[in-house]
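1. I'll drop the sequence and a predicted model, then ask my questions.
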Amino acid sequence: MCFSATASFSSTIVLSTIGVLTIRKVCNKSELLLASMSLLFAMQQFIEGLLWLELKAGYDISQYSILTAIYTIFVGVFWSIIPTLSLLIIEPIYWRKNIMKLLLAIGIGVAIHTINGLLQAPVSAKIGNYCIQYPTIQIHFTLILYAIASCAAFFVSSYRIINWIGFFNILAFAITYYFYNYDLASVWCFFAAIISGLIYLKFAHNPNHSIS
């Protein structure tokens, strides 16, 4: 995450708390994946907090690092698949589910591309402009597909609160791309992590309401 290790670990605590509260609201096992997203983001922020500590201590992460590898899997694999899959599982309307299946296929393609890149070359990390930058994460090549895979299903969903989460996520993407283009992978994930807390509202307030 941008800013500092303290910010990363603080967001870990907040997201973990929201994640636990969200899971406690789950009434159906099919909702668990969606309800777990804040906890997954908390894990990602914790990994980046550890990266901050390593970089601040002067460790050279220009070569292979288990932390950068795990972070890359979160960014390029988990978030290419999990958002769409979690919404597909709970979607009650058939034609919307079919669209999500297509989006999931795109996400799987992006995930395979990420894994292939990770196997071919190590992911480096460095501190720059008050952020951790990952120069070797080739996100721009598949940027449009990645945005579609991670965000589009929120707009296809029949749940209004999910639609709003998608809107805020795309807004965060646009802001990040404009102001933090040099560190898109880290900063957008931070915004997305915070926005994921809104998933709690899906379960806490009128959870069964949907639109056709």
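-> Ah, there it is.

2. now the strands for the protein?
-> 126-128, 131-133 (DSSP state E).

3. In contact with residue 197, which residues?
-> 14-15, 18, 38 (Cβ atoms under 8 Å, 6 or more residues apart in numbering). Glycine gets a C-beta too; all of them are placed from N, C-alpha and C.

4. again with residue 86
-> By Cβ under 8 Å, 6+ apart, the contact list for residue 86 reads 33-34, 37.

5. Would you mind stating the distance between it and residue 69?
-> 24 Å (Cβ to Cβ, to the nearest Å).

6. Same check on residue 116?
-> Taking Cβ to Cβ, one finds residue 116 at 14 Å from residue 69.

7. Then residue 126?
-> 16 Å.

8. Over to residue 6?
-> From residue 6 to residue 69 the distance is 24 Å (Cβ to Cβ).

9. Please identify which of these two sits among more neighbours.
-> Remark: of residue 6 and residue 69, residue 69 carries more neighbours, 13 against 10, as counted by other Cβ atoms under 10 Å.

10. Quickly note the distance from the more buried one to residue 47.
-> According to Cβ to Cβ, residue 69 and residue 47 sit 10 Å apart.

11. Residue 27 versus residue 43, what's the distance?
-> 24 Å.

12. Kindly report the same for residue 191.
-> 29 Å.

13. middle-most residue in the protein, spatially?
-> The residue lying closest to the centre of the chain (Cα atoms, centre = their mean) is residue 79, at 4.5 Å.

14. if I read this right, that residue contacts residue 196, doesn't it?
-> No - if you go by Cβ atoms under 8 Å, residue 79 and residue 196 don't touch, sitting 10.1 Å apart.

15. Can you mark which positions in stretch 98-116 are buried?
-> By 16 or more other Cβ atoms under 10 Å, the buried positions in stretch 98-116 come out as 99-100, 103-104, 106-108, 110-111, 113-114.
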